[in-house]
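Q: structural data only, the sequence is not supplied:
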């Protein structure tokens, strides 16, 4: 099904008041459903283009667009991580997933299958179960090359590291990186256009100036990707999108392992009913940021002194066990940060003691406290799974005097862009009109928690 974030503000549906009968020529009508979807690969406004009578009208403008799935831009620092899963403290979840895919313990839905054995398996969180078929999956994925991309680079706010992240994504695209030109996909995991087509696009972008030929003269394909990744890197470095996303992603203070324990606690408080527990969570997702107040509870706390959840849009309920749990998480995260800065490994006794304390606090959480923690975790999960488009075009000479500005609701931003030409060892100052559009940001349903234990259990296969 199409996520609601990709649906338009209107559509023709199957309800009684908007059914549309289409004649088939035989006198019989049929009921159809239709939806008009936004084209995220194009710019929605061209405020600086000359009228259509001009040869440089918008009909001749070349618009390039990149879709990126950035994934989680942090390394977990939750004391609720299980002892067998402490590889999570060393690397990003994306990096660990890449290794699990290479080992054959995880299979993603976007991977094209090459043998009949790869067509089996359920698509729960887009991962297959670790069953007797694991040996077959390992054999299937011997040709899988793990990506060098690190979300930490993309979310670093450092232009050099952002550029490295973009280069790593473009060299091993998987389902995290796709490129369009004027609405047609030209690069992706299973899509690469010829040098001839890429040369034509470069000529159109630079208006036959020949400037681009100094970048990689023998490879228009590589040159075009370089131009795209450099441009998008500079747009991302100046916009606040990634930093805003990261602040929401870091609401995951309990990790997937902790989410499993808190969910189990909530189910027990709901008299063993997972349906009731999930309804509580899904209902809470529809309530505004004032927080969840259940009938008969003690009320909610309007302030939180816990730095780990400073960015939470939800009000924290009053619960002593929740206060104690968040205090312990704060202390552990401080210890974690200091050890990482010093390049030291975490003390095993500290990890074990903090983990035991946190499990004890979880076992005494109230129903409202469980909902609060899981809502923050589900919000983080949603932000770790979004995609965004950066669509742009290079401004023409007569447009170069347009004032630089950040993206607004009315039209895309205008950004200076420096492209290095290796032949002349100099950078060419250009300007781009761009738009950044986030998609697939729908709330995660509570049912995502049902099989979470199995998903997290895969990490035991990675040596710490």
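A: Done, it's in. No experiment lies behind these values; they were computed from the predicted model shown.

Q: now do the buried residues in stretch 259-278.
A: Within stretch 259-278, the residues scored as buried using 16 or more other CB atoms under 10 Å are 259-267, 269-270, 274, 277-278. The C-beta positions use only the backbone N, C-alpha and C, and glycine is treated the same way.

Q: cool, and stretch 335-345?
A: So, applying 16+ other CB under 10 Å, buried residues of stretch 335-345: 335, 336.

Q: Serialize the buried residues of stretch 259-278 to a markdown table and add fields for distance to residue 312, pLDDT and secondary structure.
A: Below are those laid out as a markdown table (distance: CB to CB, whole Å; pLDDT from 0 to 100; DSSP: H, G, I helix; E, B strand; the rest coil):
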| residue | distance to residue 312 | pLDDT | secondary structure |
| --- | --- | --- | --- |
| 259 | 15 | 98 | helix |
| 260 | 20 | 98 | helix |
| 261 | 19 | 98 | helix |
| 262 | 15 | 98 | helix |
| 263 | 18 | 98 | helix |
| 264 | 22 | 97 | helix |
| 265 | 19 | 98 | helix |
| 266 | 18 | 97 | helix |
| 267 | 23 | 97 | helix |
| 269 | 21 | 97 | helix |
| 270 | 23 | 96 | coil |
| 274 | 25 | 95 | helix |
| 277 | 20 | 96 | helix |
| 278 | 21 | 95 | helix |
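
Q: which among those residues gets closest to residue 341?
A: residue 259 (27.3 Å; CB to CB).

Q: so where's this structure uncertain?
A: Residue ranges of the chain with pLDDT under 70: 1-38, 45-60, 110, 112-142, 207-218, 287-305, 397-412, 420-429, 464.

Q: longest strand in it, by residue count?
A: strand 426-439 (DSSP state E).

Q: direction included, what does it pair up with?
A: Strand 426-439 has its sheet partners listed here by DSSP bridges as strand 387-394 (antiparallel), strand 413-421 (antiparallel).

Q: in a markdown table: these, plus distance to residue 350 and mean neighbour count.
A: Output for the strands paired with strand 426-439, formatted as a markdown table (distance: least, CB to CB, whole Å; neighbours: other CB atoms under 10 Å):
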| stretch | distance to residue 350 | mean neighbour count |
| --- | --- | --- |
| strand 387-394 | 38 | 23 |
| strand 413-421 | 45 | 17 |
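
Q: can you add distance to residue 381 and give those strands back as JSON lines?
A: Listed next are these as JSON lines, based on distance: least, CB to CB, whole Å:
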{"stretch": "strand 387-394", "distance to residue 381": "14"}
{"stretch": "strand 413-421", "distance to residue 381": "29"}
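
Q: out of those, which comes closest to residue 220?
A: Per CB to CB, nearest to residue 220 of those: strand 413-421, 14.8 Å.

Q: now do the helices in the stretch 351-464 of the chain.
A: Assigned by DSSP state H, counting those that start in this stretch, the stretch 351-464 of the chain shows helices spanning 367-383, 452-457.

Q: tell me what the shortest one is packed against?
A: If contacts are counted by 3 or more CB pairs under 8 Å, 6 or more residues apart in numbering; DSSP states H and E, helix 452-457 sits against helix 255-269.

Q: now the buried residues of stretch 259-278 as TSV including distance to residue 460?
A: Output for these, formatted as TSV (distance: CB to CB, whole Å):
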residue	distance to residue 460
259	17
260	14
261	16
262	20
263	20
264	19
265	23
266	25
267	24
269	28
270	29
274	24
277	26
278	26
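
Q: quick check, nearest of the residues you listed to residue 244?
A: Among these, and counting by CB to CB, the member closest to residue 244 is residue 259, at 22.7 Å.

Q: for the residue nearest to the closest one when sequence neighbours are not counted, list the residues it contacts.
A: The shortest distance from residue 259 to any non-neighbouring residue, by CB to CB, 6 or more residues apart in numbering, is to residue 377 (4.8 Å). Counting by CB atoms under 8 Å, 6 or more residues apart in numbering, residue 377 touches 251, 252, 253, 254, 258, 259, 262.

Q: touching, the second one and residue 381? I think so.
A: Yes - proximity of residue 252 to residue 381 meets the contact threshold set by CB atoms under 8 Å, at 7.3 Å.

Q: and the two? which has more neighbours close in?
A: Between residue 252 and residue 381, counted using other CB atoms under 10 Å, the more crowded position is residue 252 (26 against 22).

Q: which parts of the longest strand of the chain are buried?
A: Those would be 430, 431, 432, 433, 434, 435, 436, 437, for strand 426-439 by 16+ other CB under 10 Å.

Q: what about the third one, distance to residue 231?
A: If you measure residue 432 against residue 231 using CB to CB, to the nearest Å, the figure is 6 Å.

Q: quick check: neighbours shared by these two?
A: Between them, residue 432 and residue 231 share the contacting residues 392, 417, judged by CB under 8 Å, 6+ apart.

Q: please enumerate the strands of the protein.
A: 11-12, 20-23, 29-32, 34-35, 64-68, 177-181, 184-188, 191-192, 300-301, 316-317, 387-394, 413-421, 426-439.

Q: what's the angle from the last one to strand 64-68?
A: Right, the one you point to is strand 426-439. 60 degrees (axes from the mean of the first three to the mean of the last three CA atoms, to 10 degrees).

Q: what angle do strand 426-439 and helix 367-383 make?
A: Using the same axes, to 10 degrees: strand 426-439 against helix 367-383 is 140 degrees.

Q: repeat that for the fifth one.
A: Orientation check (the same axes, to 10 degrees): strand 64-68 against helix 367-383 gives 140 degrees.

Q: list of residues touching strand 64-68?
A: 40-42, 154, 169, 176-181, 201, 205, 228, 231-232, 387-393.

Q: on that earlier part again, residue 331 is nearest to which of the strands paired with strand 426-439?
A: Comparing those under CB to CB, the one sitting nearest is strand 387-394, at 34.7 Å.

Q: run the angle between that closest one and strand 177-181 for me.
A: Using the same axes, to 10 degrees: strand 387-394 against strand 177-181 is 40 degrees.

Q: how about residues contacting strand 387-394?
A: 40-43, 61-70, 205-206, 231-232, 235-236, 241, 412, 417, 430-440.

Q: hmm, try it at 6 Å
A: Identification of contacts with strand 387-394 by CB atoms under 6 Å, 6 or more residues apart in numbering yields 40, 43, 61, 63, 65-69, 205, 232, 235, 430, 432-440.

Q: so which residues of the stretch 101-250 of the chain form helices?
A: 134-140, 151-154, 159-171, 195-205, 220-238, 241-249.

Q: any idea which helix is longest in the protein?
A: The longest helix of the chain (DSSP state H) is helix 320-341.

Q: what's that helix packed up against?
A: For helix 320-341, the elements it packs on are helix 348-362, judged by 3 or more CB pairs under 6 Å, 6 or more residues apart in numbering; DSSP states H and E.
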